[in-house]
Structures are given as structure tokens and as C-alpha cells.
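In: the following block contains a protein sequence and its predicted model.
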Amino acid sequence: MNDDTTSRGIQTTWRDFQAEIEPLRPTLYRYCRHLARSPWDAEDLVQDAFARAFASLGALQEPPRDVRAWMFRVASNLWIDRVRRRAPLAPSPEGQDGPSRDAREAAGTLLVQLSPQERAAVVLKDAFDLPLEDIADILSTSVGAVKAALHRGRGKLADPDVETARTPAPGALDAFCAAFNAGDLDRVAALLLDGALVEVVGASLVVGREKARTTVLPGMLLGSARMASPEDGGSGGGIDPRLAQGVLPRPARVEVRWAHGEPLLLSWYQHRDGVEAVRAVSRVEVDPESGRIARLWNYFFTPEVITEVCAELGLPHRTNGTISGCIRPFS
């Protein structure tokens, strides 16, 4: 068996696993969103939990009896390990917080004062109403320890009024919008570092400006032509027509909006029913020395992220499902 055959076999098995686990995704995202401080961290945790679960399947002596509880356990362990690896942070001065945390996250998610175990226990009990025995199993601890974590965690909860300082959006974002909306692929690519990472979250990751210029960026700019049905002048080969919802084969329009304490790129698509709606959200990391984009995350196949961001901003949106429901991936 050559390397190409092996790679295709792994990809096929991974896609099959994603399709099987897909019904659990909204519930798992909801759980991860309670744990994490932003939708981006929650989506990362979902993706990592899927990958860890997939990798561990071969080591299981028998299939998990309760797949939801198993995925909760995988996500919990990942998140607890991640938090414990971080260096302890000194508490912020009263009434202040970092620019990455906005008021919605401060008031709408469980606070950072809770330990990882306390936060997970409170979420599993108060948000999902799981029995104490199930929570103990998920967290690999005793019922007594769960009760103690719930008592401590609930005692620490607060609802602070946080004002979030905004720093100006990097000039690279405005330049990206101008180049993108002009349909100038070369100008868009020129805004990236030579070794930039460009990721369609949950679908693909490419390294390097030139690779991005020939794969992901054309999908972002011209993907609507593949999403649209042939009757609308498209090829009808991008995503399930039921999810495309009459998108027209016109290039998306991108603009900068603020949400969750940072500037985001929102991609607007036009539809047959006359509605222009957001169908993708992107984030960027800008290199401070060159002013170019070092990393770009495109949240196209992440319905929960798109829904949360657009609901917060009060914007019309339509989601594209996940990559497991895609007829032909963009890259």
C-alpha cells in the first residue's frame, strides 16, 4: 500500500467517523461553549475532542455504551489538561479585564474563578441536568467530589459588569476587505506572510501564501459559484442544496465587524429570495512587525459559531452544515 492510498483511506475513515458523530455535535458544542471563554475556543475544543475520540477508538475494548457521555469525558479531559498547563494568571484589577473578553463572555459563561473540575461539574449539572453519578463517571471522580465541586463552584459564581476596551482593527483587515471585494485574488494573497497558516476550520489547513492562493482563498472568494444550483447559474457542487438555500453564484462581500472583543471578517452571500446573509466568519492574526496576516481562520463549516456571532450582532445568517455534509470540499 503506497502513501497516497494510505492517506485516502485515513481521510475516508475520518469522514465516516465525522458523519456518525455529527448528531452529537450541537450538544457537544453547547457543552464546550459553557467551558470555554469564546466561540473560537469552544470550536477548537469540539474539533480536538473529535480528533481525540477518533484516535482512541482502536484502543477501546468495546464501544462506549453512552456516546454522549463518552464525548463529554473526552472534551472534559482535554479542557482540564489545557487549563492546567497554562501558567497561573494574576487576577485582574477590580472592574477591569483583558481585551479578549467582552461583556457577553464575562456574564454569559462560567467565570474563570472556577477551577476546571468545578466548572465542568456545574455545567454538566446545571446546563445538562445529568445525575451526579454520570458526572462523576465523566470527570473520573467520586460522587462526593462532584458534590464538593458543585458547592465550591456555585459559591464562586458572579455576574461582573465588564467594560471591554477596543483596540483599532489592524490595517490588514481593511486592506483584505478592499482586495476581496474588488475580486483581486493576488492582492488578497499578498496580504499574507509567506508562511501563513490558512484554515477552513474543521475542513482543511494549508501552509504558505502560494498554497492558500490556489486552494482556500479562491473558495472563500468564488465558492458561491459552487454552492449555487445550476438553475441559478452555478455548478451545484459545493454543499448540499438543502443547505445552500438558494445562494446565488455571486462573489461574497466581506466587511469588518466587532464581536467577542475582536474584529472579525463577515462574509455576506446573496440569495435567490433577495436576502443577503452572512454565511462565514473569519478571524485573523496579524504579524506586528510586517503588518501582514500570519494566520487566518475561516469558520464556514461551523454552524454554531456562525449562529452565535450573528445572533449577538443581530445579523441575518444562513449556515452551511459541517464538512461531513459537504458534497465536495472546497480544498
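Out: Structure's in. What do you need? Predicted, not measured: the structure shown is a model, and the values here were computed from it.
In: what stretches of the protein score poorly on pLDDT?
Out: Applying pLDDT under 70 to the chain flags residues 1-12, 14, 58-61, 86-113, 157-169, 324-331.
In: what's next to stretch 232-252, contact-wise?
Out: Identification of contacts with stretch 232-252 by C-beta atoms under 8 Å, 6 or more residues apart in numbering yields 180, 183, 220-230, 267-273, 279-280, 318-321, 325-328, 330. Just so you know, the C-beta spots here come from the backbone N, C-alpha and C atoms, and that holds for glycine as well.
In: so which of these belong to strands?
Out: Judged by DSSP state E, strands contain the following of the contacts of stretch 232-252: Ser267, Trp268, Tyr269, Gln270, Arg279, Ala280.
In: where does the residue lying closest to Gly208 once chain neighbours are set aside sit: helix, strand or coil?
Out: Nearest non-adjacent residue to Gly208, counting by C-beta to C-beta, 6 or more residues apart in numbering: Gly195, 6.0 Å away. Classification of Gly195 by DSSP: H, G, I helix; E, B strand; the rest coil places it in strand.
In: in three-state terms, how would Gly202 be classified?
Out: coil.
In: give the contact list for it.
Out: Here Gly202 is in contact with Glu43, Gln47, Phe301, Thr302, Thr322, Ile323 (criterion: C-beta under 8 Å, 6+ apart).
In: now do it against Ala69, distance only.
Out: Counting by C-beta to C-beta, to the nearest Å, the separation of Gly202 from Ala69 is 23 Å.
In: please identify which helix or strand holds Pro263.
Out: Applying DSSP states H and E as the criterion places Pro263 in strand 262-270.
In: what sits up against that strand?
Out: 99-100, 169-170, 173, 176-177, 220, 224, 227, 247-248, 250, 252-258, 276-284, 300, 309, 315, 318.
In: in strands, which of those appear?
Out: Within the contacts of strand 262-270, residues falling in strands by DSSP E are 253-258, 276-284.
In: so which of the residues you listed is the closest to Asp134?
Out: Val281 (33.8 Å; C-beta to C-beta).
In: per-domain residue ranges of this structure.
Out: According to automatic domain parsing, the chain comprises the domains 3-156, 171-325.
In: need the winner for burial among these.
Out: Mean neighbour counts were taken over these using mean count of other C-beta atoms under 10 Å, and the top value, a mean of 18, falls to domain 171-325.
In: in three-state terms, label the residue positioned nearest the centre of the chain for me.
Out: With distances taken as C-alpha atoms, centre = their mean, Glu43 lies nearest the centre of the chain, 3.3 Å away. What three-state DSSP gives for Glu43 is helix.
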